[in-house]
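> I'd like to go over a predicted model; first the sequence, then the structure.
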Amino acid sequence: MSIQILSPRITVVKPWISLAVKEKLIHGFFFLNGILSVIVLLGIFALLVFTSIPAFQEINVGSFLFGLEWNPTSYVKEQYGIIPMLVSTFMVTLGALVIAVPLGIGTAAYLSDVASPRVREIAKPIVEILAGIPSVVIGFLGIVLVGPILAKVFGTHNGLNALNGSVLLAVMALPTIVSISEDAISNVPKSYDQASLALGASKWQTVIKVKIPAALSGIIAACMLGMGRAVGETMTVLMATGCAPAMPESFLGPVRTLTSSIAIELGEVAYNTTHYYALFALGLVLFIMTFLVNMTSDIILHKYEKVNR
Amino acid sequence: MRKTLSVMAVAFGLLWASSAQAGQGMLQIKGSDTLINLVQKLAESFMEENPGEYIAVTGGGSGTGIAALMNGKCDIANASRLMKAKEVAQASDQGINAKRVVIAMDGLSVITNPNNPIAQLTIDQIGQIFRGEVTNWSEVGGDNVSITLYGRQSNSGTFVFFRDAVLKGDYSQKMNRMNGNAQIVEGVKQDISSIGYVGVGYVKDATGLTILRVAANANGDYASPLNSDDVKSGKYPISRPLNQYINGSPTGAVKKFLEYELGYTGQKVVEEEGFFPIPAEYEEFNTKAGL
């Protein structure tokens, strides 16, 4: 039936809907597209909340949030404390940012202000290609390359530790930070440079004191996106950090992040058990964490924009 | 317009039909990482001898395979441990009548770095080490080096078997949870303080490792998992059957493949892969399961 309606002869003779209605339909179509991501987000949030709730029929909320041991498949007694995993996630992410942010901003400043146009044209795409390397490959490098190097440098028996994860995540976050920061610095109006240089500032002073501050909103956004990547990354940390569930003791000891715990245990968990629901509760915690990161970055951005005006 | 649509419809129809057919003809096997190499080899030689039969073998751990069998996502689940009573009950709730077949024997091997002078341990000592009660090699007669534990993740049948048979308690929370047998082997090779456990098929030809001799108690004889007689007779104390679980009595392609695995050629492949053929008691067991 619908094929006949689409036939041009009929449409010419008698439009099947008026132009105004058509306009409305198209409007509605784009509106639907626009709110689709909102619906998906709310849907995921609702799913996480409703699948998490049954977990707390058996687990005490306090012992979940503040417990120091996670062992749902224990031989003796199941434990559902998330603190070691929160600390692990925090350590690995923080480590990655400490490495990636200075390096990323430095690279971005180099690409935008120091490098010749030819170098920039070659170097920037190469940095961006780095983002396309699958996380398993990076994790593998962590096992066979970064780990042994770290073990030698720090004199530990092995390199399966938080520092290894941080280094790898820094590599993964770098392309985002470099690429977006470089755009932000390049977009600072030429008049800023010229004014600064005219006042007698050196090129270094101009970049550090004028251009980077002027591009700060973009740079912060870049770092937040990089951080989001680090918090949510799974495979790399799963392979390279040892994944011992004990409370982390130092950057040179093994850690087990929220994401790797979910990835390890969701594959084998029996449906509709406390353990199953507890993993969704972990997902909810992770969701709230990334949500807070994004919201904070948004608030910082807006504040900064106001001051800047 | 109409023509394009009809062509598209036909194309989609064909695609649908062909994909449905592929899904039906393909035997899906999933589970234990200890068994994956062995079953892949078995599947390859089976397909060579039986053109037209297709088998897909994937890993993920015994727990993952058993979960897949319960959810109807695979035909055969590889398991290096037994199904738990809870899992059997859950399966029957889903209408799955899980049946066990033993396809090979494994001497679960405890491995250390070759630079570590320790060559043998008792079951008790291994238990103490992995429970985290003994944390320095000097406590079991070795050098003054702290111990680093390498174990599997909780979806591994080897993780569960080793815990229930050797530790009889929880693993130390400090044990590194590695993502597969091969990663444990790699980790132990690089780390002088290491101790780990893997299926014997993973260490048979491996270099750069010490495969510990293990005794049931301090007065007992130490035996190596590489000695097939000791594994079969149980003198090597951590030997275990490697299993496959199926839904109900075997029929069709499942039966054909299982018979191949248990037959002369299949058991030859088992030996080539470093595991051991099934002893008489399990042959009987399999016969009762309908094979």
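Perfect, I can see it now.
> Alongside chain B, which residues does chain A contribute?
By the rule Cβ under 8 Å from any Cβ of the partner chain, the part of chain A lying against chain B is A:3, A:6-7, A:69, A:71-76, A:143-144, A:147-148, A:151, A:157-158, A:160, A:238-239, A:242-247, A:254, A:256, A:264-265, A:267-271. Glycine gets a C-beta too; all of them are placed from N, C-alpha and C.
> Can you turn the buried part of those residues into a ChimeraX selection?
Filtering the residues of chain A next to chain B down to the buried ones (16 or more other Cβ atoms under 10 Å in any protein chain shown) takes a single ChimeraX command:
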select /A:69,71,72,73,143,147,148,151,157,158,160,238,239,242,243,244,245,246,247,254,256,264,265,267,268,269,270
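> What residues does A:Asn71 make contact with?
A:78-79, A:245, B:170, B:173 (Cβ atoms under 8 Å, 6 or more residues apart in numbering or on different chains).
> do the same with B:Asn71
A:271, B:94.
> quick one: pLDDT of it?
If you check B:Asn71, the pLDDT there is 85.
> which residues of the chain score low on pLDDT?
Reading this off chain A. Applying pLDDT under 70 to chain A flags residues A:1-15, A:301, A:304-309.
> could you do chain B instead?
For chain B, the ranges with pLDDT under 70 are B:1-24.
> Show me the helices in it, by range?
For chain B, the helices defined by DSSP state H occupy B:2-25, B:36-49, B:62-70, B:85-93, B:123-131, B:157-162, B:181-190, B:228-233, B:252-262, B:264-272, B:280-288.
> How is the chain partitioned into domains?
Using chain A here. Per automatic domain parsing, the structural domains of chain A span A:2-57, A:70-308.
> oops, I was thinking of chain B
B:20-105+B:241-288, B:109-233.
> Kindly reformat these as CSV and extend each row with distance to A:Ala222.
CSV is the format used below for these (distance: least, Cβ to Cβ, whole Å):
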stretch, distance to A:Ala222
domain B:20-105+B:241-288, 37
domain B:109-233, 31
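> all helices in the stretch 101-250 of chain A, in order from the N-terminus.
All helices of the stretch 101-250 of chain A, identified by DSSP state H, counting those that start in this stretch, fall at A:117-130, A:135-141, A:147-154, A:162-186, A:190-198, A:203-205, A:212-214, A:216-232, A:235-240.
> Of those, which stretch is the most buried?
helix A:235-240 (a mean of 27; mean count of other Cβ atoms under 10 Å in any protein chain shown).
> starting at the chain centroid, how far to that one?
Offset of helix A:235-240 from its chain centre (Cα atoms, centre = their mean, to the nearest Å): 15 Å.
> do stretch A:240-258 as well
20 Å.
> Pull up the distance across it, start to finish.
End-to-end span of stretch A:240-258 (Cα to Cα, to the nearest Å): 14 Å.
> again, but for stretch B:159-175
Criterion Cα to Cα; first-to-last residue distance in stretch B:159-175 is 11 Å.
> Which residue is it, in the stretch 1-150 of chain B, that comes closest to chain A?
Residue of the stretch 1-150 of chain B nearest chain A, by Cβ to the nearest Cβ: B:Gly63 (2.9 Å).
> and that residue, how many residues sit next to it?
28 (other Cβ atoms under 10 Å in any protein chain shown).
> How many residues are close by residue 42?
Reading this off chain A. A:Leu42 sits with 11 neighbouring residues when counted by other Cβ under 10 Å.
> not quite, I wanted chain B
Neighbours around B:Leu42, by other Cβ under 10 Å: 25.
> Sweet, I'm off.
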